[in-house]
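Novice: Pasted the sequence and its predicted model underneath.
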Amino acid sequence: MTEQNTGDVRIEPYDSPAGGWGSARSLVEILTREGVPVTGSAMLMKQNKPDGFMCVSCAWAKPAKPLAFEYCENGAKATAWEQTRRRATPDFFAAHTVTELLGWSDYALEEQGRLTHPMRYDPETDRYRPVSWGEAFAEIGQELKALRAEDPKSVVFYASGRASLETSYMWALLARLYGNNNLPDSSNMCHEPTSVALPQSIGAPVGTVLLEDFETTDLLFFFGQNVGSNAPRMLHPLQEARRRGAQIITFNPLRERGLERFTNPQSPVEMLTRSATKISTQYHQVKAGGDLAALTGLCKILIAQDREAVAAGKPAVLDHAFIAEHTNGFEDFVAFCDRADWPGIERRSGLTRTALEAAAAAYARAKAVIGIYGMGLTQHRKGTETVRMLVNLLLLRGNIGKPGAGICPVRGHSNVQGQRTVGITEKPELAPLDRLKELYDFEPPREKGLNTVESCEGILDGSVRAFVSLGGNFLRAIPDTGRMEPAWRRQRLTVQISTKLNRSHLVNGTVAYILPCLGRIEIDQQASGPQAVSMEDSTARFHGSRGVSDPVGPDVRSEPWIVAEIAKAALPHNPRIDWDAWVADYARVRDAIEATYPKVFHDLNGQMFRPGGITKPLGARDRKWETETGKANFAVPEGLEADPDLPERGPDVLDLITLRSNDQFNTTVYGYDDRFRGVKGTRDILFMNRADITRLGLKDGGSVDVEAVAGDQVARRVGGLRVIAYDIPPGNCGGYYPELNVLLPLWHHDEQSKTPAAKAITVRVTAAT
Ligand SMILES: Nc1nc2c(c(=O)[nH]1)N[C@H]1C(S)=C(S)[C@@H](COP(=O)(O)OP(=O)(O)OC[C@H]3O[C@@H](n4cnc5c(=O)[nH]c(N)nc54)[C@H](O)[C@@H]3O)O[C@H]1N2
Ligand SMILES: Nc1nc2c(c(=O)[nH]1)N[C@H]1C(S)=C(S)[C@@H](COP(=O)(O)OP(=O)(O)OC[C@H]3O[C@@H](n4cnc5c(=O)[nH]c(N)nc54)[C@H](O)[C@@H]3O)O[C@H]1N2
Ligand SMILES: [Mo]
């Protein structure tokens, strides 16, 4: 493994709150390093403002009345990273062979700066060489045509969740015109359990909570979401809610700093007095994958208390009127909870009945409750069931479809939710195929396409011949990277539309291209003038975004232009689609989006810059359940185990959680510090419970090897990690994604949605040899 450290490694507990001075310092460091002016940065002033650009980091809601600085430490880091003065020019590529670059860390690759020129892989010299855009599209078009003639299903069109609604709409149309629904996106590794669970439970594929609900809620549950690092702007509404007296109950194996204390870096008083708001009022360190059991315990307590209350003639604990009018499957669910036994619940959750009773008591008192969750719930074998279990808890007291309440998945990439809304999906039933047929006079493919895991399987078995990628770093983000890399090279064609160099570019197909594109922060000049784009946030609101800074270079093009050129080069002419007119004026793409989705979009062009955004219509918010039963459905899980089919486990086997540090955005590594967790200068670490360290004969600070226990004859190992004694439940250990993806078997995924189960990988840890 490439070493992921700076040589100056320090591990010290970090006592400060999230936000605060630590955040200000960390930000200045990165702005300086990337050559972005620190003071008076006009760019940052426009971040997440109604007339500015929408942050390229997370998807959290954008308020109608933004703060003076409506960005967080990590949003500003993302801006600095994109707006860096550094450039990965053709000279850089001439100086390094691809084989040499394969030995570089993720950090070192992206730190070369923005890509400036279209590049084609040259096998003779093992280098990427510059080509003209014209040559690039001619060859890509020819290759794609040849593959289409053989089998249109042999090509995959991947999208990472950053591209705008406009680009995404064009991308999905390109794939369908090409002849497949092979449209995996980063959501397949992320919130796919949400997209599967919520339609089953409440008839809507996305969360129901709006930003205003934070103003009236009494209680927020936080399941497996690390707000301080991954959605820090949410700390402001949370702080406000806490000040009003709302409770926050967290379930997380780790004591994450942002969920404990927060100092608002934009409040001079808080900064000077070093005061902080306590965020969580209860903190439950559930075992990895123990949420299904913990949630069952909570529901079991509430059901039992309700029975007692009703029998004693006291007010009911459950909302029986809501359950009767709006839900289905309640009796079966009650039977399941009654059957679940306490020793099983306590063992699997790692929490005591008393602890769960405290959480249930707070829930029973609260009038309006929000259930927030992230990767800690979704990335398990039973991820979809676990999400449905959280909905069950909310349904018991009518906490969906009323102010201050609802289900709130915290989405990842800044437009990942929007991509689904405009057709990037491998599931044909989610795309308006008949409408597309009508609009564009072609026969859209009706067969299910490949999701992320299935694309990987196709690459392994040779049926996928080409991978065309709209952003992202697929090969680094997926499971089983050790098995996938050699298979990846057997593809005929790899094309990646990217802003920065990453490892996916270096493991190339026979014909391979890197196409450099503009980021969202840059001014995108087209025939009709500078263009705006739109996106959807985590609360299903659409916002316009306008670039504010100069393009990084003369040979860098916009994503819509690149997608249109690929379409023109690879597809037969379609008189109904004028790709050039769309590129000349993105408002025409928005017209097409509106024509395709008349129920969702109305006057997008006119309203997209409205402060606070356009609210997407969602039946569940008004208790209109668009499910098969016409009601909200309680779900009965199979059992309490979120990661059931693991092989026989001895006492030396641990469950590994793969985590993000505070200094990364997915596979983009900004630096080697994880401030809140007290790690400095390294990513080569393994957090372990002290008792496990002793029990396994290891040493705090010692070096260990980690091997996956998958029972499938494939060797999956990572060597030389440093053990850190940490406050993590016994039997669990933690380390960083993407470095540890080599340990994650491809088949270890959520049963229903196929999201890789990256939060519970069974491993054996031994002293380094
Ligand atoms: N700065 C920054 N922002 C980001 C990203 C980034 O990498 N950096 N990534 C973006 C993307 S694409 C996404 S999807 C989101 C991801 O944001 P999150 O959903 O926060 O994802 P993670 O950091 O992977 O893990 C979330 C938390 O789950 C906890 N956890 C692990 N296993 C379990 C479990 O079994 N049960 C429970 N209850 N908790 C568990 C971990 O301790 C961790 O605190 O953030 C987005 N925003
Ligand atoms: N073990 C483990 N694996 C995981 C996870 C985990 O928690 N644990 N998390 C999963 C999750 S939630 C996700 S979302 C995936 C992330 O998977 P991806 O979305 O595929 O990966 P990113 O790291 O976000 O992609 C970074 C690259 O995107 C490109 N890029 C950046 N901005 C732009 C832009 O504006 N346009 C274009 N065209 N390209 C751009 C840059 O070249 C950069 O190198 O990883 C998943 N993998
Ligand atoms: Mo994600």
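Specialist: Looks like it came in fine. Residues are numbered from 1 along each chain as shown. Ligands and ions are numbered 1, 2, ... in the order given.
Novice: What parts of the protein come near ligand 3?
Specialist: Within the chain, the positions near ligand 3 by C-beta under 5 Å from the ion are C190, G412. In short, each C-beta sits where N, CA and C put it, glycine included.
Novice: for the chain, which spans come out with low pLDDT?
Specialist: Residue ranges of the chain with pLDDT under 70: 1-2, 37-41, 646-648.
Novice: switch to 90 and redo it
Specialist: 1-58, 63-77, 79-80, 257-279, 641-652, 711-712, 769 (pLDDT under 90).
Novice: Which one of the residues in it is closest to ligand 3?
Specialist: G412 (2.5 Å; C-beta to the ion).
Novice: Pretty sure that residue sits against C190.
Specialist: Yes - G412 is in contact with C190 according to C-beta atoms under 8 Å; the separation is 4.8 Å.
Novice: Show me whatever sits in contact with both of the two.
Specialist: G161 (C-beta atoms under 8 Å, 6 or more residues apart in numbering).
Novice: rewinding a little: tell me who's in contact with the residue of the chain closest to ligand 3.
Specialist: Residues in contact with G412 (C-beta under 8 Å, 6+ apart) are C58, A59, G161, S186, S187, C190, H191, N230, N666.
Novice: Which ones among those residues also lie next to ligand 1?
Specialist: Subset of these in contact with ligand 1: C58, C190, N230, N666, counting by C-beta under 6 Å from any ligand atom.
Novice: Most neighbours among the residues you listed, which one?
Specialist: Of all the ones next to ligand 1 among the contacts of G412, C190 has the most neighbours under the rule other C-beta atoms under 10 Å, reaching 27 neighbours.
Novice: just to revisit the earlier point, dump the contacts of G412 into a markdown table; add distance to T250 and secondary structure as well.
Specialist: Listed next are the contacts of G412 as a markdown table, based on distance: C-beta to C-beta, whole Å; DSSP: H, G, I helix; E, B strand; the rest coil:
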| residue | distance to T250 | secondary structure |
| --- | --- | --- |
| C58 | 19 | strand |
| A59 | 21 | coil |
| G161 | 26 | coil |
| S186 | 25 | helix |
| S187 | 25 | helix |
| C190 | 21 | coil |
| H191 | 19 | coil |
| N230 | 14 | helix |
| N666 | 23 | coil |
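Novice: In this protein, spot the helix with the most residues.
Specialist: Assignment by DSSP state H gives helix 291-311 as the longest helix of the chain.
Novice: Can you name the element that comes right after it?
Specialist: helix 320-326 (DSSP states H and E).
Novice: Can you spell out which helices and strands pack onto that next one?
Specialist: helix 383-396 (3 or more C-beta pairs under 8 Å, 6 or more residues apart in numbering; DSSP states H and E).
Novice: do that again at 7 Å, thanks
Specialist: Contacting helix 320-326 under the criterion 3 or more C-beta pairs under 7 Å, 6 or more residues apart in numbering; DSSP states H and E is no other helix or strand.
Novice: Give the buried residues for that helix.
Specialist: Across helix 320-326, burial judged by 16 or more other C-beta atoms under 10 Å covers F322, I323, H326.
Novice: So which residues make contact with that helix?
Specialist: Helix 320-326 has contacts (C-beta atoms under 7 Å, 6 or more residues apart in numbering) with F330, G398, R623, W625, K631, A632.
Novice: Now the third one: phi and psi?
Specialist: Right, R623. The phi/psi pair for R623 (degrees, to the nearest 10) reads phi 60, psi 30.
Novice: Now do the same contact list for the nearest residue to it once chain neighbours are set aside.
Specialist: Nearest residue to R623, sequence neighbours excluded (C-beta to C-beta, 6 or more residues apart in numbering): G401, at 3.8 Å. Each residue near G401 by C-beta under 7 Å, 6+ apart is listed here: T208, A620, R621, D622, R623.
Novice: Buried by neighbour count, from the residues you listed: which ones?
Specialist: T208, A620, R621, R623.
Novice: For those residues, which two are the farthest from each other?
Specialist: Across the buried ones among the contacts of G401, the longest distance by C-beta to C-beta is 9.9 Å; it joins T208 and R623.
Novice: quick one, strands of the stretch 301-450 of the chain?
Specialist: Under the criterion DSSP state E, counting those that start in this stretch, the stretch 301-450 of the chain contains strands at 327-328, 369-373, 406-409.
Novice: Ok, which of the ones you listed comes nearest F53?
Specialist: Comparison of those against F53 by C-beta to C-beta identifies strand 406-409 as nearest, at 24.0 Å.
Novice: export the closest one as PDB, just CAs?
Specialist: Only the C-alpha atoms of strand 406-409 are listed here, as PDB (Å, rounded to 0.1, in the frame of the first residue of the first chain):
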ATOM      1  CA  GLY A 406     -40.000  13.700   9.500                       C
ATOM      2  CA  ILE A 407     -37.300  11.500   8.100                       C
ATOM      3  CA  CYS A 408     -34.100  13.300   7.100                       C
ATOM      4  CA  PRO A 409     -31.500  11.300   5.200                       C
END
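Novice: middle-most residue in the protein, spatially?
Specialist: G412 (3.0 Å; C-alpha atoms, centre = their mean).
Novice: where does the stretch 651-769 of the chain come near ligand 2, residue by residue?
Specialist: Counting by C-beta under 6 Å from any ligand atom, the stretch 651-769 of the chain sits next to ligand 2 at T658, N666, T667, T668, Y737, P738, N741, L744, A758.
Novice: err, the chain, not the other one
Specialist: Residues of the chain lying near ligand 2 (C-beta under 6 Å from any ligand atom): 110, 160, 162, 186, 189-190, 375, 379, 412-413, 470-474, 477, 497-500, 502, 517, 519-520, 559, 658, 666-668, 737-738, 741, 744, 758.
Novice: Kindly recompute the last result at 5 Å.
Specialist: Selection of the chain residues close to ligand 2 by C-beta under 5 Å from any ligand atom yields 160, 162, 186, 189-190, 412, 471-473, 477, 497-500, 502, 517, 519, 658, 666-667, 737, 741, 758.
Novice: residue of the protein with the smallest distance to ligand 2?
Specialist: Using C-beta to the nearest ligand atom, the closest approach of the chain to ligand 2 is made by G472 at 2.6 Å.
Novice: List buried residues within the contacts of helix 320-326.
Specialist: For the contacts of helix 320-326, buried by 16+ other C-beta under 10 Å: F330, G398, R623, W625, K631, A632.
Novice: which two of the residues you listed lie the greatest distance from each other?
Specialist: F330 and R623 (15.8 Å).
Novice: Tell me the bridge partners for the closest residue to Q239 other than its chain neighbours.
Specialist: Spatial nearest neighbour of Q239, excluding adjacent residues (C-beta to C-beta, 6+ apart): T277 at 4.8 Å. Here T277 sits in beta bridges with F262, as judged by DSSP bridges.
Novice: before we move on, what about D674?
Specialist: As for beta bridges, D674 partners with V679 under DSSP bridges.
Novice: I'd say it and Q664 touch.
Specialist: No - using C-beta atoms under 7 Å, D674 is not in contact with Q664; the gap is 8.7 Å.
Novice: Just the ones in strands from the residues of the stretch 651-769 of the chain next to ligand 2, please.
Specialist: T658, T668 (DSSP state E).
Novice: For ligand 1, what's its nearest residue on the stretch 501-650 of the chain.
Specialist: A642 (6.9 Å).
Novice: contacting residues around that residue?
Specialist: Counting by C-beta under 7 Å, 6+ apart, A642 touches G289, D291, L292, H380, R381, K382, T386, A760.
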